[in-house]
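Enquirer: my questions are about this predicted structure, shown below with the sequence.
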Amino acid sequence: MRFRTADGGRIDRTRTLNFSFDGRALTGHPGDTLASALLANGIHLMGRSFKYHRPRGLLAAGIEEPNALVHVDRGGGRDAPNLRATQVELYEGLNATSQNRYPSLALDVGEAARLFSRFLPAGFYYKTFMWPASFWKRLYEPVIRAAAGLGRAPVLPDPDRYLHRYAHCEVLVIGAGAAGLAAARDAAVTGARVILCDEQNEMGGGLLSEPAATIDGQPAAAWVAAVLADLDSRANVTLLPRATAFGWYPDNMIGVAERVTDHLATPDARVPRERMWQIRAREVVIATGAHERPLVFPDNDRPGIMLAGAARLFLNRHGVRPGARAVIATACDSAYAAALDLHAAGVAIALIADLRANPVGPAIDAARAAGITVRTGTSITGSTGHLRVTGALIGTEWVACDCILMSGGWTPSLHMHAQSRGKLRFDAATANFLPVAMAGQRSTGACAGMFDLATILPGHAVSGIITPDGGHAGLVPGAKPKRAFVDFQNDVTAKDLLLATQEGFRSIEHVKRYTTTGMATDQGKTSNINALAIVAGELGNTIPEVGLTTYRPPYSPVTFGTIAGASRGALFDPERRAPMHDQAVALGARFEDVGPWKRAWYFPGPGEDLHAAVARECRAVRGSVGIFDASTLGKIEVVGADAAEFLNRLYTNAWTKLGVGRCRYGLMLSEAGFVMDDGVVGRIAEDRFHVTTTTGGAPRVLNHMEDYLQTEFPDLRVWLTSATEQWAVIAVQGPGARDLIAPFVEGIDLAPAAFPHMSVREGTICGVPTRLFRVSFTGELGFEINVPADFGPAVWEALMGTGVPTPYGTEAMHVLRAEKGYIIVGQETDGTVTPDDLGLSGMIAKSKKDFVGKRALRRPDLVVPNRKQLVGLLTEDPAVVLEEGAQIVADPAQPIPMRMIGHVTSSYASPTLGRSIAMALVEGGRGRMGKLLYVPMPGHTIAVRVVEPVFHDKAGARLDG
Amino acid sequence: MLIIPCPHCGPRPENEFRYSGEAHVVRPADPETLDDAALAELLYMRSNPKGRHAERWRHIHGCGWFFNCIRDTVTDRIERTYPAGTAP
Ligand SMILES: [Zn+2]
């Protein structure tokens, strides 16, 4: 650790930590970041730039670092790319590697891209899209993808846990520097709930790198410790270090990403790696400080060139010297503080080159008094060196050095304020945009333009601190724009920005997108104001006339794990399982997803594929009896004195005369007259209906019913209750259905005359209370046994225990209903289909004055003669099964594009008919009975004949067994 | 995430609610009396203002009531909420 100072800093010199960087074994101390530990070992080269693969070192010392992005691998899938080395805390055994280089950082073949940099100008993405598409696809894209980029995405599943926390407080303070600490303390003493979050490992902000500063006579660090101890002792205060406020959402909801274990050598497995806090605060105090601006001059990106404040932080917090001989280039007094501290720590200061013609003040006086050469009115206009800077061009003179420390002044961090939609004002005196406080939030400290500690801490005596007066934005006077980097992370130079304005871009938002300046993961923290100044200067406008680009979350990158929290694996999109799910699993069912439900799709026997299993299941239902889990059907209990009238208004059918114990197939329309849902409705009592809906439609139908009940028909005495999960539903279908259930049923006369098709009875089955429906979705004699959901498995197993029924799945159910021409809403309908289109005009009660959708059925477009109507299709070749969704034409010889007159909605191989069947919506379909139509497919055309959409038992004789 | 004051439950986070379109679109007592133009207006035409908007929300993961809300579509600020069936 050649560059470690003998003493000082906030590191623990009594302990040594081993770590590796690119396979090289190195050491550091607790309190180091990866960045400071590498600097202590004399390593500046930490990465390669995004586009040109230029060698890069540290620019900054914190969250704003654009260059030193590293990959940290803990093994076993604990793999994090694109971490800023300045935020990675050192721990024993840390294993970090550099990114975007091959084969090594020092020898990178991609650096040859530099030679082609004239082919990668501003807007090159847009320009290359204009090249021939084949060039792009085969040549440019693969080359660019291989060469450009940041880290590698991990390939193994992330084994760590991430949690979400929700919190409420009266005051959330973002940032624990002097201003944030003072604000938190002021709020805490009132007894308010206070949360103080800070993105660093240690709270205190800039005060931690001001060893000479005193507050009320005590060292600044001691003041910080005392305030923190006081806050920590209060039950109403929560301190969140390592917690970055990254996003501001409406009504003061702040997203905070807390890094819980990344700094530990051996994290406790019971602790999450990161936590996302969603904090709702009555007031947010933004105390996020300021970011130092680089100076924009040619080759300002060589390793060894860093912000003066960063060098000072590394020295004062980590006890690390940035080099042996420094050139200081500045337009701001704060760089003098860096020069003085480094000078005192034994770093030779070659000179201070100050852009300002006549800087005055205690900082300048102190530097001169220390014997440091100060040249005023002097620009830095270049640098030399390759993997490390070796010289600075000061005026016309090359000055040898191994580091250049620069400062263009400080930019208030407006990100959180601007995300809150807070207004900004331009302060001409300091050439800064500043936040304008609004209800529920305010800014304090450097982010509000308060750079003087005495202003931040009124009523306290402060001393020993240099206020950062002065600054410069844009290209350094006299410097050329070529290779003068503005956005280091996206490799955008002053020349690129000038080119964009020359090509006609005027809006800063357009310049940003065209050049990609400020669009990297660092969100333009160090680049936005320089870019703005360059564009404004070129356009002849002032900075406020050009304006800032929009700030968006996240302030700093957030891991996917943190955002996902517990929503991964089985919890990502939780599946709904029907009551007899386990029974289906035991029977070897294959499942399909139907909305959130897992439904048994088919039950393959030994050696059976889908086709064979479905054929067997269908034959069982038609020939003996099948058993089916229909529990996913939506069920709504409609209760009340006006229940029948309510259904009259919500369904097309008439309900008043439906007798208790009888059922009716109900058709529900939207107000626009289109079929919305269907299902069997049973009348349990005068004032009680058991309504079923489609599997997917249940929530939508209940919402629709509630909407009309609450807002259009509030006079009706009706209550609606979702009962979908209260009932297990076992469909027993086939000529043997009655014989199968009869031994288990008590209290219900199952005789056909006593219990006709489309009726419902209450009794018991297997001793369990049941609502037993006699209904059929297969065309066979059928029952649907509703029992309380927890009893479903027992009843299912009792029926299966007879050895009689064949379990069938959703695929066979679909085939069986299609053979009968029963529609499925959402398959035969698509939200633009009327009852008449489906041939269901008979479902519309003529007697009713009104129901939802009735008036709309007379709309001109809904009564035109040529609407698409539901028909059956039989392929001329009975072995051919049409593809669902296939388009239908009348004349296959017409030129392309053909006029399409309909499409196939359902299509199956029918085991009952021994041939394929299909349903389709076809223009004027009912007028085309017996006609041939055509389904063009790639390479061939299928001829189909239009038929009635009922293929089996047209008379319905089988319903009675 | 917005805080929405349910008229029945008080302020709750937005993810307890479901948006339900423009408010005060009146379904006539007898829709049969509407001519085609008036029907099209009722079914499909909405004001879509930039600014103050009367809209419906449902506290679907709470009390279940539909209610009305005045929200500024530019600032997302909610001016007030009030029960369905009452005037703005
Ligand atoms: Zn509510």
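Expert: Perfect, I can see it now. Quick caveat: nothing in here was measured; it's all calculated off a predicted structure. Residues are numbered from 1 along each chain as shown, chains lettered A, B, ... in the order given.

Enquirer: which ones are touching A:Phe603?
Expert: Applying CB atoms under 8 Å, 6 or more residues apart in numbering or on different chains to A:Phe603 gives the contacts A:Ala584, A:Leu587, A:Gly588, A:Ala589, A:Arg590, A:Ala613, A:Glu617, A:Pro807, A:Tyr808, A:Gly809. No exception for glycine: its C-beta is placed from N, CA and C like everyone else's.

Enquirer: nearest to chain B, of these?
Expert: Distance to chain B, by CB to the nearest CB, is smallest for A:Ala584 among those, at 30.5 Å.

Enquirer: is the closest one within a helix or a strand, and which one?
Expert: In the assignment (DSSP states H and E), A:Ala584 maps to helix A:581-586.

Enquirer: repeat that for A:Gly537.
Expert: Assigned by DSSP H and E, A:Gly537 falls in helix A:528-539.

Enquirer: next helix or strand past that helix?
Expert: Downstream of helix A:528-539, the next assigned helix or strand under DSSP H and E is helix A:543-546.

Enquirer: so what does that following helix touch, helix or strand wise?
Expert: If you count contacts as 3 or more CB pairs under 8 Å, 6 or more residues apart in numbering or on different chains; DSSP states H and E, helix A:543-546 packs onto helix A:528-539.

Enquirer: which residues are in contact with the helix it packs on?
Expert: A:293-294, A:296, A:408, A:411, A:473-475, A:481, A:486-487, A:492, A:494, A:497-498, A:500-502, A:506, A:508, A:511-512, A:515, A:517-518, A:524, A:542-543, A:545-546, A:548-549.

Enquirer: what about A:Ala183, which SS state?
Expert: helix (DSSP: H, G, I helix; E, B strand; the rest coil).

Enquirer: could you find the closest non-adjacent residue to the residue of chain B found nearest chain A?
Expert: Of all residues in chain B, the one sitting closest to chain A is B:Pro31 (3.9 Å; CB to the nearest CB). Nearest residue to B:Pro31 in three dimensions, chain neighbours excluded: A:Arg855, at 3.9 Å (CB to CB, 6 or more residues apart in numbering or on different chains).

Enquirer: quick one: pLDDT of the one you found?
Expert: Note for A:Arg855: predicted pLDDT of 97.

Enquirer: stretch A:676-696 and chain B, are they touching?
Expert: No: counting by CB under 8 Å from any CB of the partner chain, chain B is not contacted by stretch A:676-696; separation bottoms out at 13.8 Å.

Enquirer: find the nearest non-adjacent residue to the residue most central in space within chain B, please.
Expert: Closest residue to the average C-alpha location of chain B: B:Arg56 at 1.6 Å, with CA atoms, centre = their mean. Spatial nearest neighbour of B:Arg56, chain neighbours left out: B:Ser20 (4.0 Å); criterion: CB to CB, 6+ apart.

Enquirer: just A:His510 next, same as before
Expert: A:His510's closest residue in space is A:Ala500 (CB to CB, 6+ apart), at 8.0 Å.

Enquirer: related to what we said a few turns ago, need the contact list for the residue nearest to B:Pro31.
Expert: The contact partners of A:Arg855, taken as CB under 8 Å, 6+ apart, are A:Gly673, B:Pro31, B:Glu32, B:Leu34, B:Leu39.

Enquirer: and with 7 Å instead?
Expert: By CB atoms under 7 Å, 6 or more residues apart in numbering or on different chains, the contact list for A:Arg855 reads B:Pro31, B:Glu32, B:Leu34, B:Leu39.

Enquirer: check contacts around the second one.
Expert: I take that to be B:Glu32. Residues in contact with B:Glu32 (CB under 7 Å, 6+ apart) are A:Asp850, A:Arg855.

Enquirer: now do the third one
Expert: Residues counted as contacts of B:Leu34 (CB under 7 Å, 6+ apart) are A:Arg855, B:Pro28, B:Leu42.

Enquirer: count the residues that sit near residue 38.
Expert: This is for chain A. 28 (other CB atoms under 10 Å in any protein chain shown).

Enquirer: look at chain B instead
Expert: B:Ala38, neighbours per other CB under 10 Å, totals 13.

Enquirer: before we move on, what about B:Thr81?
Expert: Using other CB under 10 Å: B:Thr81 sits among 19 other residues.

Enquirer: which pLDDT value goes with it?
Expert: 97.

Enquirer: how much space is there between it and A:Gly623?
Expert: In this view, B:Thr81 and A:Gly623 are 60 Å apart by CB to CB, to the nearest Å.

Enquirer: cool, and A:Val436?
Expert: 80 Å.

Enquirer: same check on A:Lys849?
Expert: Relative to A:Gly623, and taking CB to CB, A:Lys849 is found at 47 Å.

Enquirer: for A:Pro793, same thing?
Expert: Separation of A:Pro793 from A:Gly623 (CB to CB): 27 Å.

Enquirer: which one of the two is surrounded by more residues?
Expert: When A:Pro793 and A:Gly623 are compared for neighbours, A:Pro793 comes out ahead with 17 against 14, by other CB under 10 Å.

Enquirer: surely the residue of chain B closest to chain A meets A:Phe851?
Expert: No: the criterion here is CB atoms under 7 Å, and B:Pro31 misses it with A:Phe851 at 9.5 Å.

Enquirer: who's more crowded, these two?
Expert: Set side by side, B:Pro31 and A:Phe851 show more neighbours around A:Phe851, with 22 against 19, by other CB under 10 Å.
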